[in-house]
Every structure is written in C-alpha cells, then in structure tokens.
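In: with the input below, show me the fold.
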Amino acid sequence: MCGRFAMSGDLDFYAQYYGVEDGDIEPIEHNWNVAPTDESYVVSERDDTRRLRRMRWGIIPHWAADPKTIHINARAESVAAKPAFKRALAVHRCLVPADGFYEWEPPERGRTPHWVFRADGHPMSFAGIWSAWRSPGTEDWERRFAIITTEATGPIAAIHDRMPVILPTDVWDHWLDPSLNDPEEARALLRSLDPDLIMEHTVSSEVNNVRNNHPGLRTPHSDKLF
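Out: Numbering: from 1, shown residues only. Predicted structure coming up:
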C-alpha cells in the first residue's frame, strides 16, 4: 500500500536528476503530505524524449462515467492482467519522484504512522503507470497515474505487508523505454531498491490529516498511538 508520500524537490532539481529534456511546465508547490487526487510530477518518455509532467494521483478507468472511482495503487503481481492497468503497463509507464512515503501500522498495533526514506538522501523513484480519462461532460482528457506496489521487504515489512516498487537507477531506462510494449516484459522489470538503503522512523499522527502539510510531518516522534 502507498497512500501518502512527500515531494519537496524543485522542478529544476527533478529535471536534472532524471535527465529530463522536456520539462516546460508550471512548477508544483512543495507537498509534504501528497494524497490521492493531488498533483505530482511524473517522468515519462515519448519520441525519444524524456519528459517531466504534472498528473493527478489516481487512475480513473477509461470506462468510468465519472471521476469518483480511482485506483491509486496497482499490485505488481496482477498489474499485467487487470483491465484498468494492462494497457498502461504496456505503453504508459512512468517514474514518480518522492522524498519518501508514509506507512501506518495495522489497527491492532495502534495505526502508528512511519516515515520511510532513502538512507543516502536521494529521492525515491516509484514505478508508476498512467492513463487518460475523457470526461463525458466536457470531453476533456485528464491524465492520471497510479503507483505499483509489491510485497514489503526490509524495514518496511515490520510495518506493513505492501510497499511501493522503488526502482533502482539501472532500471529507469528500460522501464521508460517506449519501444517496450509487452506488459509481461515490463512487469519483469519490477524489482525494488536494496532494502539496506531504506530507513524509517515513527512520526506524529498529525500526518493523518491531509490538511497538515509542512516539513515537520517527517520529524521523528517516539510516542506510540493507542
């Protein structure tokens, strides 16, 4: 599961970090509590050009009559077979930059929130897919993304059974390559970052409220919630 993350890098930073050639977009304000339907940056490729784009989080199935039904996550085990994701996996893959993400312990352990991040300070690069949905009312197209999740490993496994696929650098080019259009071949690329590079600590329950949005949400917090 991945239901909240943080994205506080500047547009120019992400453009340089990912080797973007086309990043002519309006910047997004720093967001330390990115929630479903919020806008975020995504990195994709088209016509041999790496692009930085803005998209909202939560794919709307192309057959949906309204935007109420969204999918924020897609399971790596079934993403190549699900009708809502199969085509996106084949032709619309992306990277989702993040400082890190929040995860909650199960209810029986108090729902304590944790901040999960890279030990080396680099951004995480979530494996993402995107698709376009056409509003029946306006005929406008809206591009949305989802984050692919997998079985939790390393320190995350002690908190939750799922985690986002955090793609290592050596997979980026293959993952973004538009000439790769077989969903099963794309699914085979879904391996996550070395667990030894991942750290976590508990944070305040303030992060539970999406209206709270500041860097202090990631500050270590030792009190357990009951």
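In: what's the closest non-adjacent residue to P83?
Out: P61 (7.6 Å; Cβ to Cβ, 6 or more residues apart in numbering). For every residue, glycine as well, the C-beta is placed using N, CA and C.
In: contact partners for D161?
Out: Counting by Cβ atoms under 8 Å, 6 or more residues apart in numbering, D161 makes contact with E151, A152.
In: mean confidence for stretch 210-221?
Out: Per-region confidence: stretch 210-221 scores 96 on mean pLDDT.
In: an error on my part: the question was meant for stretch 28-40.
Out: Stretch 28-40 comes out at a mean pLDDT of 97.
In: name the SS class of the residue nearest to P83, please.
Out: coil (DSSP: H, G, I helix; E, B strand; the rest coil).
In: show me the strands in this protein, by range?
Out: 4-7, 31-34, 39-46, 49-57, 73-75, 93-98, 100-104, 113-118, 124-134, 141-151, 162-164, 198-202 (DSSP state E).
In: which residue is nearest the middle of this structure?
Out: Nearest residue to the geometric centre of the chain (Cα atoms, centre = their mean): I147, 4.2 Å.
In: and stretch 75-89, C-alpha only, in PDB?
Out: Output of stretch 75-89 as PDB, limited to C-alpha atoms (Å, rounded to 0.1, in the frame of the first residue of the first chain):
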ATOM      1  CA  ARG A  75      -0.300  -4.700  -7.500                       C
ATOM      2  CA  ALA A  76       2.900  -5.800  -9.300                       C
ATOM      3  CA  GLU A  77       1.500  -9.400  -9.200                       C
ATOM      4  CA  SER A  78      -1.600  -8.600 -11.200                       C
ATOM      5  CA  VAL A  79      -0.900  -5.300 -13.000                       C
ATOM      6  CA  ALA A  80      -0.300  -7.000 -16.300                       C
ATOM      7  CA  ALA A  81      -3.700  -8.700 -16.200                       C
ATOM      8  CA  LYS A  82      -6.100  -6.200 -14.800                       C
ATOM      9  CA  PRO A  83      -8.200  -4.300 -17.400                       C
ATOM     10  CA  ALA A  84      -7.600  -1.000 -15.700                       C
ATOM     11  CA  PHE A  85      -3.800  -1.300 -15.900                       C
ATOM     12  CA  LYS A  86      -2.800  -3.700 -18.600                       C
ATOM     13  CA  ARG A  87      -2.500  -1.200 -21.500                       C
ATOM     14  CA  ALA A  88      -0.900   1.500 -19.200                       C
ATOM     15  CA  LEU A  89       1.700  -1.000 -18.200                       C
END
